[in-house]
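Engineer: Dropping a prediction and its sequence here:
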Amino acid sequence: MNPATAGAAPGPLIALEGVRKCYNRGLPNEAEVLHGLSFSVDRGEFVALIGPSGSGKSTLLNIVGLLERMTAGSYRIDGEEVTGLDDAALTLRRRSTLGFVFQFHHLLPAFSALENVTLPALMREGRITPARREHARAVLAAVGLGDAMGKRPGELSGGMQQRVAVARALVLEPPLVLADEPTGNLDTSSSDEVFSLMRRMHVELNTSFLLVTHDPRLAARCDRVLELVDGQLVHDGLLAGPAGHGKAGRDGAGGAPGRTEGPAT
């Protein structure tokens, strides 16, 4: 079990209600890109976020990742409202709660795989203890890179680089990992490998994942799918069609228990 979830407050891990995001507020070119979104992610849930380009996925992920503030609405993590926290408190919350995997691995090229994976501990705690280093070794071994710990990113394949990035996101065992198109730069075989790895680590660590993807094959393999269109949540449930076992979500029959029908407004 993930120690970060021990003693956690009851209820969903994260809950967003009525989230709106507006740019250039009060100016002639004011534009609202998120229109009152409401959803939650439970502990140990693996959720896909899909939608066409320009639908607001990146903005929403930035808000969930405490990298950008919403214009209106509520965001609770473990029952704590975080919208009113100052920047320093948000940084501490982000470091204690969230891990990140991006489309590009963002590994430091001069550092070995092991050194890259130990960076979150250095940033959060100011040093890397022997115990942290050994734990990083164990995580790299768990993702199948036990023989590549001393190699630099340039010596690794694309799939191996992303596995290092996944290990880096998980090394501090955060309750939630945000993955923004983590397989977008990989071929089909490497994409399946990295996705299967995230799924396995999700089960072993009871870590929640929110995965942005344009790949319907991967979305169909998630516990739940959120679909954004023009800044509105139009689907919350299983992916409809054969790949999603023919079930719809909140916008149709057979949705996830306890989830309301109809798109968010």
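Structural biologist: On my side now, so go ahead. Numbers count the residues shown, from 1 in each chain.
Engineer: okay, CA-based contacts and neighbour counts for the rest of this
Structural biologist: Noted.
Engineer: all helices for the stretch 51-200 of the chain, in order.
Structural biologist: Counting by DSSP state H, counting those that start in this stretch, one finds helices in the stretch 51-200 of the chain at the ranges 57-64, 87-97, 113-125, 130-142, 158-170, 188-205.
Engineer: Burial-wise, tell me which of those comes out on top.
Structural biologist: helix 158-170 (a mean of 25; mean count of other CA atoms under 10 Å).
Engineer: Pull the distance from that helix to the chain's centre.
Structural biologist: The chain centre lies 14 Å from the centre of helix 158-170; the measure is CA atoms, centre = their mean, to the nearest Å.
Engineer: Then stretch 140-160?
Structural biologist: 22 Å.
Engineer: which parts of it are buried?
Structural biologist: 140, 143, 145, 148-149, 151-153, 158-160 (16 or more other CA atoms under 10 Å).
Engineer: do the same with stretch 227-238
Structural biologist: Those would be 227-238, for stretch 227-238 by 16+ other CA under 10 Å.
Engineer: export those residues to CSV and tack on secondary structure?
Structural biologist: Below are the buried residues of stretch 227-238 laid out as CSV (DSSP: H, G, I helix; E, B strand; the rest coil):
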residue, secondary structure
Glu227, strand
Leu228, strand
Val229, strand
Asp230, coil
Gly231, coil
Gln232, strand
Leu233, strand
Val234, strand
His235, strand
Asp236, strand
Gly237, strand
Leu238, coil
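Engineer: Which one of those residues is nearest to Ser196?
Structural biologist: Nearest to Ser196, judged by CA to CA, of these is Leu238 at 18.5 Å.
Engineer: Show the contacting residues for the residue nearest the centre of the chain.
Structural biologist: Geometric centre of the chain, nearest residue: Leu178, 1.4 Å, by CA atoms, centre = their mean. Taking CA atoms under 8 Å, 6 or more residues apart in numbering, we find Leu178 in contact with 61, 65, 98-101, 209-211.
Engineer: one step back: so for Ile14, which of the helices of the stretch 51-200 of the chain sits nearest?
Structural biologist: That would be helix 57-64 among the helices of the stretch 51-200 of the chain, by CA to CA, at 8.5 Å.
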